[in-house]
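# Sequence and predicted structure below; questions after.
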Amino acid sequence: MKQLNKLVLITIVILLSQTLFSQENKRLDSLLNLVKLQKDTMLVNTYIGIGKEYENLDFEKAKAYYQKASEASEKSSFFKGQVIAMVSQTGILNIQGKFDDSNAINKKVLQVAMQSKNVDLIAKAYNALGTSLRYSGKQEEGLNMYLEALKYAEKSNNKKYLCTLNSNISGVYFDLGQYDKSLKHLSVSEKVARENQFDVELTYALSNKAISQLEIFKLKEAEITLNEALLLSKKINNDYLYLANLINMSNLKMREYKFEELKKLGDESLEYAQRLGSPEAISMAQTSLGLYYLHQKQYALAQKYGVDGLKSAQDGKYTAKILDAYELLSNVSLAKQDMDGFVNYSIKRDSLESVVNQEKIAQKVEELNLKYETEKKEQQILLQKEKLGKRNIMITVLLVALTGLLIIGLLYFNYYRLKQINQNQKIKQLETDKQLLVTESVIKGEEQERTRLAKDLHDGLGGMLSGIKYSLHHMKGNLIMTPENATAFERSLDMLDSSIQEMRRVAHNMMPEALVKFGLDAALRDFCNDIHQSGKMNVIYQSLGLEGNYLEQSKSITVYRIIQELVNNALKHSGATETLVQVSLTDENLSITVEDNGNGFDVHTLQNVKGMGWSNIQNRVDFLKGTIDVHTKKEEGTSVLIEIKLAH
């Protein structure tokens, strides 16, 4: 099921870069009446306006009016109108999955734009070609076209194009799994759009931003981004973007296991997708509803939506969506204990995956064959020329021999280098394993020593101090003292009480009693409450999935120490007045977040920190085979995210 979610998430990017030149809504009847009165460029603009109006009503009529606008522009050499009309036409073809047709038209668009020598039009043409190439699976070629478009947009300093292109470039990096680069370009697009109040471009940027946030599991941030994107989609009256954000929100609710909300979103997505006539979006909505009914154990409805989703995907020839539908149907069959259906759909899914992989291999082989044939023809021409004289023949033989020796030498050198790299990697792995073993031993030894000291303090010294206190209280009633001595005696008893309390506090910090007796959740809650009640800092503690789940004691102690160190750092060094501690346990994954509103710092300074605090945190995270991510800026607080896979 996780694989299905990921495919839905990645493919939805297709819906996010359409209708680049949307205008404010005008009444369709008025535009149709204007056609009878206008000529030349005004007529072209009216045709384009009618096409825009029909995009939300009828794709085929919209394409027909764009075609009329293109033909009228070509007759009057109106380059701008021709480019906009053809690009709008290819936007619809992309939504319909007709990428070959879109590519062919966009190549002609680029020729027209180059002929115009207008940098804005050239930027539009490169952008449109990049989009159609990207959707047809040619990611690298699409990225190159986007980068060319960006050069021309920067020359003209067209803010809207800069927003659109950075958003589209981010989409390619997302497809390639380079989420950091994707978010970097989105931040540029979002910033420019907000500064210039470009609602359309801001909606695209937020839509793509939400997808990247979903992929790196920043679910809270993704929900905030999606809600804003949905409102903007309604504001700009763009049904395609609204549909895309609906499907993204469905994916979010699926990840959060909020299936009732998923049902509502799925129904609305399906209604929009069917009205807009997008087979891919229809398939995605149907598959999403199938997942809902599977979770509700309504297997008949889950089967129905799975079959409908499969048919929609097959009609549009969307391979990724076909695989999603097969995955859903195999899971439904398994839930119904229909083993024949489970085996049937599983075989179909595996067979299709195999075909896809074979096609990729065949394409690569074809490229290699083409390269080989080209080189072979060049070699034959060369040999024919060299046959003109014996001297040339001898030179050719020598060159071939030398080339062979060089190839053998290069192969041997490559083999030796790879062998050396493998050996170095093994050595590094052994060193890493050794370091982890040392870290584990140090941490376990440290906790054992803490436990022993805590027990000695509590049971040994604590008992002795309590005994002394009892004796002094007993003596107090049998002694006759002056008022001054009585006051000094009472002060000594108060100091003894304070010493006992401080000793107990130290013993508790060394090994919290609640951690041993009641588990990690109770110990962390007590720790945060103690600091909160002391008035030194407001500490909010939240947990999910920890209650009733008892981790292995060594891991519980290590997690406790990590959070203890992070909160103490915020208390001592950050100047924070409020700290949030969140711990979540789901599917053997433990997530820890500690955020404060303190002064923040330059994150690069952590590489040169010499104190024990951060080193202890890093060593404990390494011991648990986790990852740590720090986000901080001066005067903006600090957020530390730690992810630990407890299955390891």
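Alright, I've got the coordinates.
# Name the SS class of the nearest residue to residue 546 once chain neighbours are set aside, please.
Using CB to CB, 6 or more residues apart in numbering and skipping the chain neighbours, the partner closest in space to residue 546 is residue 521 (4.0 Å). (C-beta placed from N, C-alpha, C; glycine too.) Here residue 521 is helix, with the state taken from DSSP: H, G, I helix; E, B strand; the rest coil.
# And the pLDDT at residue 521?
As predicted, residue 521 sits at a pLDDT of 84.
# In contact with it, which residues are there?
Listed by CB atoms under 8 Å, 6 or more residues apart in numbering, the contact partners of residue 521 are 543, 546, 547, 549, 583.
# hmm, try it at 10 Å
Applying CB atoms under 10 Å, 6 or more residues apart in numbering, we find residue 521 in contact with 514-515, 541, 543, 545-551, 556, 583, 585.
# hey, where'd the helices end up in the stretch 451-600 of the chain?
Using DSSP state H, counting those that start in this stretch, the helices of the stretch 451-600 of the chain run over 462-476, 483-510, 513-518, 520-534, 553-573.
# picking that back up, could you measure the residue nearest to residue 546 against residue 585, distance?
Distance of residue 521 to residue 585, computed by CB to CB, to the nearest Å: 9 Å.
# hey, what's in contact with both of the two?
Joint contacts of residue 521 and residue 585 (CB under 10 Å, 6+ apart) are 543, 545, 546, 547, 549, 551.
# which residue sits closest to residue 144, ignoring its sequence neighbours?
Spatially, and ignoring its direct neighbours in sequence, residue 144 is nearest to residue 130 (7.6 Å; CB to CB, 6+ apart).
# Quick one: list the elements packing against the helix or strand harbouring the one you found.
If you go by DSSP states H and E, residue 130 is part of helix 119-135. Contacts defined by 3 or more CB pairs under 10 Å, 6 or more residues apart in numbering; DSSP states H and E place helix 119-135 against helix 79-95, helix 99-116, helix 139-156, helix 159-175.
# if you average pLDDT over whatever helix or strand comes next after the last one, what comes out?
Just to be clear, that refers to helix 159-175. As assigned by DSSP H and E, the chain's next helix or strand after helix 159-175 is helix 179-196. What helix 179-196 shows for mean pLDDT is 86.
# before we move on, what about stretch 631-648?
Rounded mean pLDDT across stretch 631-648 is 83.
# ok, the contacts of residue 521 vs residue 533, which is closest?
residue 541 (12.3 Å; CB to CB).
# ok, the closest residue to residue 89 other than its chain neighbours - contacts?
Nearest residue to residue 89, sequence neighbours excluded (CB to CB, 6+ apart): residue 66, at 4.1 Å. For residue 66, the contact set (CB under 10 Å, 6+ apart) comprises 47-48, 50-52, 54-55, 84-92.
# Looking at pLDDT only, which of those residues scores worst?
Minimum pLDDT across those is recorded for residue 55, with 75.
# burial of the closest residue to it other than its chain neighbours, as a residue count?
Leaving aside its chain neighbours, residue 55 sits nearest to residue 62 (4.7 Å; criterion: CB to CB, 6+ apart). The local packing of residue 62 (other CB atoms under 10 Å) involves 21 other residues.
# and if you look at the one 5 residues further on?
Applying other CB under 10 Å, we find 15 other residues in the vicinity of residue 67.
# Just the closest of the shared contacts of residue 521 and residue 585 to residue 577, please.
residue 543 (22.3 Å).
# quick one: pLDDT of that closest one?
Residue 543 carries a pLDDT score of 87 in this model.
# mind checking how far residue 228 is from residue 401?
Separation of residue 228 from residue 401 (CB to CB): 69 Å.
# Please say which of the two ends up with more neighbours.
Per other CB under 10 Å, whichever of residue 228 and residue 401 has more neighbours is residue 228, with 17 against 10.
# ok, the more buried one touching residue 193?
No - checked against CB atoms under 10 Å, the pair residue 228 and residue 193 is beyond contact range at 11.8 Å.
# which residues are common contacts for these two?
By CB under 10 Å, 6+ apart, residue 228 and residue 193 have these common neighbours: 202, 203, 206.
# for the chain, what helix or strand is lowest in average pLDDT?
Least confident element among the helices and strands of the chain, by mean pLDDT, DSSP states H and E: helix 2-11 (a mean of 33).
# Identify the residues contacting residue 330.
Residues in contact with residue 330 (CB under 10 Å, 6+ apart) are 306, 338, 341, 342, 343, 344, 345, 346, 347, 348, 349, 350.
# related to what we said a few turns ago, of the shared contacts of residue 521 and residue 585, closest to residue 630?
The shortest gap between residue 630 and any of the shared contacts of residue 521 and residue 585 belongs to residue 543, at 21.6 Å (CB to CB).
# Burial check on the closest one, number of neighbours?
The tally of other residues near residue 543 (other CB under 10 Å) stands at 17.
# Report the contact partners of it.
Residues in contact with residue 543 (CB under 10 Å, 6+ apart) are 520, 521, 522, 524, 525, 549, 581, 582, 583, 584, 585.
# if I look at the fourth one, how far off is residue 582?
If I follow you right, that is residue 524. Distance of residue 524 to residue 582, computed by CB to CB: 10 Å.
# swap in the first one?
In this structure, residue 520 and residue 582 are separated by 14 Å, where distance is defined by CB to CB.
# ok, these two, which is more surrounded?
More neighbours surround residue 520 than the other of residue 520 and residue 582, with 25 against 16 (other CB under 10 Å).
# What sits closest to the more buried one if chain neighbours are left out?
In space, residue 520 is closest to residue 556, 4.2 Å off (CB to CB, 6+ apart).
# how close does the one you found get to residue 523?
The gap separating residue 556 from residue 523 is 8 Å, by CB to CB.
# Tell me which of the two has more neighbours.
Between residue 556 and residue 523, counted using other CB under 10 Å, residue 523 has the larger neighbour count: 24 against 19.
# Look at the closest residue to that one other than its chain neighbours and report its pLDDT.
In this structure, residue 523 finds its nearest non-sequential neighbour in residue 515, 3.7 Å apart by CB to CB, 6+ apart. pLDDT for residue 515: 71.
# C-terminal to the helix or strand hosting residue 253, what's the next element?
Per DSSP H and E, residue 253 falls inside helix 239-255. For helix 239-255, the following helix or strand on the C-terminal side (DSSP H and E) is helix 259-276.
# tell me, what's touching residue 524 and residue 582 both at once?
Joint contacts of residue 524 and residue 582 (CB under 10 Å, 6+ apart) are 541, 543, 592.
# Please narrow the residues you listed to those residing in strands.
541, 543, 592 (DSSP state E).
# Can you tell me which of the residues you listed is closest to residue 103?
Nearest to residue 103, judged by CB to CB, of those is residue 592 at 47.7 Å.
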